[in-house]
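> 3D, please:
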Amino acid sequence: MNADIKVVILCGGVGTRLREETEFRPKPMVNIGARPILWHIMKYYSCFGFNDFVLALGYKGEMIKNYFCHYELMNNDVTIVLGQPENIHIHHSHEEAGWKITLVDTGEKALKGARLKKVERYIPDDTFMMTYGDGIATVNLNALLEFHWSHGKMATVTGINPASRFGELKIEGNRVMSFSEKPRGGEGLVNGGFFVFNRKIFDRLTAEDSCDLEVGPLEQIAREGQLMVYRHRGFWACMDTLRDMEYLNRIWDSGQIPWKNWK
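Numbers count the residues shown, from 1 in each chain. The predicted structure is shown next:
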């Protein structure tokens, strides 16, 4: 069943707080270990059976296209006969076979709502998942999807704790009463990404670059009672600053990697 669910990953931001790295590459391509954080996110989804990805590209999106267009060549053993450029044999040895990746140029300056709207034509089914290209966690994705189906509302957001730089959620039960992007302070749950949406969300978005997702659409559907929260109390981290990058790489180097649910 999960194989039919599309996973949209927003990969377009400039990443100004990580300028040391993002001056040369898009933030989703900043490495944890030897692989981009984007790969880690996709690998995590894949371990739950979600293998159909739609990547909304923006800033330096050509680097993400190049990474996946050359993925087979760069991640397998290769036999080449010199003088016969057509005679290249790829010895398949990686474990990402079956990933379907749609790479969509959504514009360098588009905000998140516009990026999501611009991939609408690649989302044929009523339910799809969405996350950001710079956050990794140990969210139980099967339970998240089941929770979304159980309440029948338009959207589900994964709530994490503690509140800090991210959109704060005011909650009654499992219903989000208000969604406040970038609050000044607070101690409640915050937006951790890892969304599930129904297609009705597209009716709240436009393809204008100025269309945001958190500011406006999510605030409105929360007021309408159409946004529910899935509580996640496990590991969560993002690649937002140089300090975040160093933290995630220390975890990777330690070998005790919470999100590594593959061998």
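> Three-state assignment for Ile221, please.
helix (DSSP: H, G, I helix; E, B strand; the rest coil).
> what about the closest residue in space to it that isn't next to it in sequence, how many neighbours?
Distances taken as Cβ to Cβ, 6 or more residues apart in numbering place Leu227 nearest to Ile221, at 4.9 Å, with adjacent residues excluded. Quick note: C-beta positions are derived from backbone N, CA and C, even for glycine. Residues within reach of Leu227, counting by other Cβ atoms under 10 Å, total 26.
> and Leu227, what pLDDT?
What the model reports as pLDDT for Leu227 is 96.
> for Ala143, same thing?
pLDDT, read off for Ala143, is 97.
> residues contacting it?
Counting by Cβ atoms under 8 Å, 6 or more residues apart in numbering, Ala143 makes contact with Tyr230.
> can you tell me how far the residue nearest to Ile221 sits from Thr22?
In this structure, Leu227 and Thr22 are separated by 30 Å, where distance is defined by Cβ to Cβ, to the nearest Å.
> returning to what we had before: need the contact list for the residue nearest to Ile221.
Leu227 touches Lys153, Met154, Ala155, Thr156, Val157, Arg175, Val176, Phe179, Leu218, Ile221, counting by Cβ under 8 Å, 6+ apart.
> So the third one is in contact with Gln226, correct?
Yes. The pair formed by Ala155 and Gln226 meets the contact definition of Cβ atoms under 8 Å, at 6.3 Å.
> sorry, back to before: so what pairs up with the residue nearest to Ile221 in the strands?
Bridge pairing for Leu227 (DSSP bridges) gives the partners Ala155.
> hang on, Arg199 packs against Ile123?
Yes. Arg199 is within contact range of Ile123, at 6.7 Å (criterion: Cβ under 8 Å).
> who has more neighbours, these two?
Neighbour count, other Cβ under 10 Å: between Arg199 and Ile123, Ile123 has more, with 19 against 14.
> so that one touches Asp4, yeah?
No. Taking contacts as Cβ under 8 Å, Ile123 lies outside contact range of Asp4: 11.5 Å.
> what about the chain, any weak spots by pLDDT?
Along the chain, segments meeting pLDDT under 70 span 1, 162-169, 180-187.
> Do a quick rundown of the helices in it.
Using DSSP state H, the helices of the chain run over residues 19-22, 37-46, 61-69, 71-74, 112-118, 141-151, 219-223, 242-254.
> okay, these, which one's buried deepest?
When you average the neighbours per residue for each of the helices of the chain (mean count of other Cβ atoms under 10 Å), helix 112-118 leads with a mean of 25.
> outside of that one, which residues touch it?
If you take Cβ under 8 Å, 6+ apart as the criterion, helix 112-118 is touched by 8, 10, 12, 56, 58, 104, 106-107, 110, 130, 201-202, 204-214, 216-217.
> tell me, how many neighbours does the closest residue in space to Ile251 that isn't next to it in sequence end up with?
Leaving aside its sequence neighbours, Ile251 sits nearest to Ile257 (Cβ to Cβ, 6+ apart; 5.9 Å). Ile257 has 17 neighbours, counted by other Cβ under 10 Å.
> Pro26 too?
Pro26 is flanked by 26 other residues according to other Cβ under 10 Å.
> Could you pull up the residues touching it?
Cys11, Gly12, Gly13, Gly15, Leu57, Gly58, Tyr59, Lys60, Gly61, Met63, Ile64, Gly133.
> Now flag whichever of those residues is closest to Asn249.
Asn249 lies nearest to Gly15 out of the contacts of Pro26, by Cβ to Cβ, at 16.3 Å.
> Could you measure from that closest one over to Ile160?
Using Cβ to Cβ, one obtains 20 Å as the distance from Gly15 to Ile160.
> more neighbours, those two?
The neighbour comparison of Gly15 against Ile160 (other Cβ under 10 Å) goes to Ile160, with 26 against 23.
> For Ala137, see how far away the closest residue to that one other than its chain neighbours is.
Nearest residue to Ile160, sequence neighbours excluded (Cβ to Cβ, 6+ apart): Gly192, at 3.6 Å. Gly192 sits 6 Å away from Ala137, going by Cβ to Cβ.
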